[in-house]
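Q: give me a model of this one.
(2 chains)
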Number of protein chains: 2
Amino acid sequence: MTNSSNPQQKSELKHIVVVGGGFGGIELIKRLNKKPFRITLIDKNNYHTFQPLLYQVASGGLGADSIGYPFRLIFRGHKNFKFVMAEVHQIDSEGKTLTTSAGAINYDYLVIASGSTSNYFGNASIEENSMPLKSIPEALNLRSDILQKFEDASRITDIKEKKRLLTFVVVGGGPTGVETAGALAEFKKFVVPHDYPELNVSDVSVILIEASDRLLNGMSDNAGDKAKIYLKELGVDLKLSAMVKGFDGQSITLENEAPIETKTMVWSAGVQGQIVEGLSDTSVQRSRYQTDEYLRVKGVKDVFAIGDVAKVDSEVYPKGHPMVAPVAVQQAGLLAKNLLKISAAKSELIPFVYKDKGSMATVGRNKAVVDLSFWKFGGFFAWLIWMFLHLMLLVGFRNRVVVFIDWMWSYFSYERALRLIVRKYEQD
Amino acid sequence: MTNSSNPQQKSELKHIVVVGGGFGGIELIKRLNKKPFRITLIDKNNYHTFQPLLYQVASGGLGADSIGYPFRLIFRGHKNFKFVMAEVHQIDSEGKTLTTSAGAINYDYLVIASGSTSNYFGNASIEENSMPLKSIPEALNLRSDILQKFEDASRITDIKEKKRLLTFVVVGGGPTGVETAGALAEFKKFVVPHDYPELNVSDVSVILIEASDRLLNGMSDNAGDKAKIYLKELGVDLKLSAMVKGFDGQSITLENEAPIETKTMVWSAGVQGQIVEGLSDTSVQRSRYQTDEYLRVKGVKDVFAIGDVAKVDSEVYPKGHPMVAPVAVQQAGLLAKNLLKISAAKSELIPFVYKDKGSMATVGRNKAVVDLSFWKFGGFFAWLIWMFLHLMLLVGFRNRVVVFIDWMWSYFSYERALRLIVRKYEQD
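A: Residues are numbered from 1 along each chain as shown, chains lettered A, B, ... in the order given. Below is the predicted model:
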């Protein structure tokens, strides 16, 4: 590609359309920079979201702008790259066309990297009344909701209603649930005594509900046990082996347990793939695109899927790979190589093998857990590693610097300064 | 006040209720810290807004969180201080009671510092279709609107509609209008050529409309002339002595001139006091509280007004003082002293005399104008002073640091990184 601006040559380039600019989507596009393709990224937002830190936006530790970065800035200077802000409505795999809110878009190769969304397992009362935490607007809604509850509670006298307003329930003991519960407990511990003199700290409660008998399923027992100890130290009320049956906005009903009076339930107990309409049951099952080990979606041609939305054939992970960023990033790297082979009509594709480099979760200041294949540990050092890695993974130098400053600020001041109720949250 | 937590003594303290936590409101409360009063601040937001930088949030230079600061954090540790997040509906000056969305609140002294809001001079089409810039949500709406227009324009081919989408009109040649037009022109100059390869930069236009024959009325001729030169250098299309008659969302009609095809009109051509219902015509005229030179609202007892919403008797400023932050801050300082005298039943109140220390406005990088009584100048040095003073005036150390970093980032990279369309803006 010595002269990529030559329009004739340009039109001969194969057109890759990437749906979704999460970890997988942006990694793929970065890997294909300067390769002989035209690339179009379609996303409903104009920015990449760094999902692992959404809970810190919700709990007043970070600004919304610090965990999102505009796609056009990420890919500034990429040749033959185009960004389209749109919703994708339908895939026509025969006609190799997507129907989108910005019109029809043709592709030679389609990569679906549309990620995941909350899964309520068909429970309408939970879907209607709980707060999800999968996007920046949702994180801001949760922030507004929490802070409004504190404001409401600070001016009423009815003690039962006050306690209901000040009870915050997180459902799901995975990393997001553990991190959110930890952040809320720190808000109670460090912010409430100073900034809400009208309230008794003991009226505030943070409850974490998990259906299984342990936290951080998918990590080691060591990690699960440590997270439990850390959360208890922070004063989180843990309810393991507890099943949520419903939530009417006033009280949570549980199986075999007394209901919990609360107005705020954060739902992080389930995710599912974000599917685009148009493919058959061969291609899509249980809200995930079924792919072979080369990431090709089954039953269609020239369609690929990576990340949370892909269920890739694997003997090691028969139920699919974990829905986490490293899987998406590794799949993107592999797919970049395979797309080059495919477009050059080489037959030897490389199969996907996930290299699990470990996992981690943080609970609060000086408290995190890290699982590596050779070492599982927790505490201050784990927390430093967690911070360092998240800073490195953040997109955009500006965001790294500002997040670092906000973390230092919170660490030394014990404060949460990012507490604006930018827009009031009102349950529909 | 050796034992302020003694409830009996506490209830004997006179209760000052401050409506509005703008520059005037927070200055007054700071001045009255540790003085023998109970103080309640009522604001509809839970944060102070640093209005002078709203236009930078709108143009992608700063994050929303950096120009707001939570009241509870500002007044952390103040004794006998209470914050109530509520809308004030009505003043009952006989019963010394406010009706608010959080219930009735009694006062001994009431200070109205409710600031100003956009004034459309009764023009319904402008009110309905233009974008105001007086609050953080409004700044975020404008940011979303501008960025959406760029996204929309980047995928359509109809050249007339494309130009309409890319025409941004600012009405009002005061500091806000000048600064907003300058920021939009810099966006056109520095961001569009790199990040919107689909667009021709020449299709983007920024127009500033002003009814009088000069910019920055209220500042010196030198400042107005320099601002004109700077804006022209940046490529802003200036329309002086032009009167906007209406805006239907598609085209602006002007007196004696051809209409301007645009979808985005920023309205910064007028402000008016934000009045609370309940006082008579003696107290309120032309949307401002009429006060004597001691800031006492006329016709009522124990009610005071400061800042934009106050029209204070003055021979030097017969039409009222300028609606700017320094006036509010000086009035707050004076009122703190007078309230101490009044509560101690001393009769010698101090009259308000505004000390105009000068004014300034910025147009773009290295371009600002400063008027001091002894020196009027512009350019790089003025721009440095403008930045330094705004950093110092920002509330919260965290915000100062982050705004400084964002300014340095923009200065050296020529970028605007804070470009998230957090929530789509849709005209009702």
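Q: and the helix or strand containing residue A:179, what does it pack onto?
A: For residue A:179, the host element (DSSP states H and E) is helix A:175-186. Where contact means 3 or more Cβ pairs under 8 Å, 6 or more residues apart in numbering or on different chains; DSSP states H and E, helix A:175-186 is packed against helix A:54-58, strand A:167-171, strand A:205-209, helix A:221-233, strand A:359-364. Yep, even glycine has a C-beta here, placed from its N, CA and C like the rest.
Q: stretch A:135-149 near chain B at all?
A: Yes: shown here: stretch A:135-149 in contact with chain B (Cβ under 8 Å from any Cβ of the partner chain) through A:136-137, A:140, A:147-148.
Q: can you give the distance from that stretch to the centre of its chain?
A: 16 Å (Cα atoms, centre = their mean, to the nearest Å).
Q: if we look at that stretch, which residues are touching it?
A: A:45, A:49, A:54-55, A:57-60, A:64, A:67-68, A:131-133, A:165-166, A:168, A:184, A:187, A:263-264, A:266, A:419, A:421-425, B:46, B:85, B:420, B:422-423 (Cβ atoms under 8 Å, 6 or more residues apart in numbering or on different chains).
Q: which residue ranges form the strands in the stretch 101-250 of chain A?
A: Counting by DSSP state E, counting those that start in this stretch, the stretch 101-250 of chain A has strands at residues A:103-106, A:109-112, A:116-118, A:167-171, A:205-209, A:237-239, A:244-247.
Q: spatially nearest residue to the residue nearest in space to the middle of chain A (excluding sequence neighbours)?
A: Centroid-nearest residue in chain A, with Cα atoms, centre = their mean: residue A:51, separated by 3.8 Å. Nearest residue to residue A:51, sequence neighbours excluded (Cβ to Cβ, 6 or more residues apart in numbering or on different chains): residue A:134, at 7.0 Å.
Q: any idea how far that neighbour is from residue A:218?
A: 18 Å (Cβ to Cβ, to the nearest Å).
Q: quick one: which of those two has more around it?
A: Just comparing residue A:134 and residue A:218: by other Cβ atoms under 10 Å in any protein chain shown the higher neighbour count belongs to residue A:134, 19 against 14.
Q: ok, the more buried one - contacts?
A: Taking Cβ under 8 Å, 6+ apart, one finds A:51, A:54, A:116-118, A:271 in contact with residue A:134.
Q: state the pLDDT value of residue A:4.
A: Reported pLDDT at residue A:4 in the predicted model: 42.
Q: so which bits of the stretch 151-300 of chain A are right by chain B?
A: Contacts of the stretch 151-300 of chain A with chain B, taken as Cβ under 8 Å from any Cβ, map to A:151, A:155, A:194-196, A:198.
Q: quick one: distance of the helix or strand harbouring residue A:304 to the chain centre.
A: Residue A:304 belongs to strand A:303-305 when assigned by DSSP H and E. Put simply, strand A:303-305 sits 21 Å off its chain's centre (Cα atoms, centre = their mean).
Q: again with stretch A:156-174
A: The answer for stretch A:156-174 is 25 Å, by Cα atoms, centre = their mean.
Q: what is the least confident helix or strand in chain A?
A: Sorted by mean pLDDT, DSSP states H and E, the helices and strands of chain A end with helix A:7-12, the least confident at a mean of 58.
Q: next helix or strand past it?
A: Of the helices and strands lying after helix A:7-12 in sequence (DSSP H and E), the nearest is strand A:14-19.
Q: which is the next helix or strand following that following strand?
A: helix A:23-31.
Q: contacting residues around that next one?
A: Residues from elsewhere that reach helix A:23-31, judged by Cβ under 8 Å, 6+ apart: A:18-19, A:21, A:39, A:41, A:43, A:48, A:71, A:74-75, A:78, A:81, A:111, A:113, A:115, A:306-307, A:325, A:328-329, A:331-333, A:335-336, A:395.
Q: can you count the residues close to residue A:419?
A: 26.
Q: which residues touch it?
A: A:60, A:143, A:147, B:46-47, B:70, B:72-73.
Q: now the buried members of those.
A: Buried members of these, scored by 16 or more other Cβ atoms under 10 Å in any protein chain shown, are A:60, A:143, A:147, B:46-47, B:70, B:72-73.
Q: from those, which ones fall inside strands?
A: Among the buried ones among the contacts of residue A:419, the members falling in strands are B:47, B:70 (criterion: DSSP state E).
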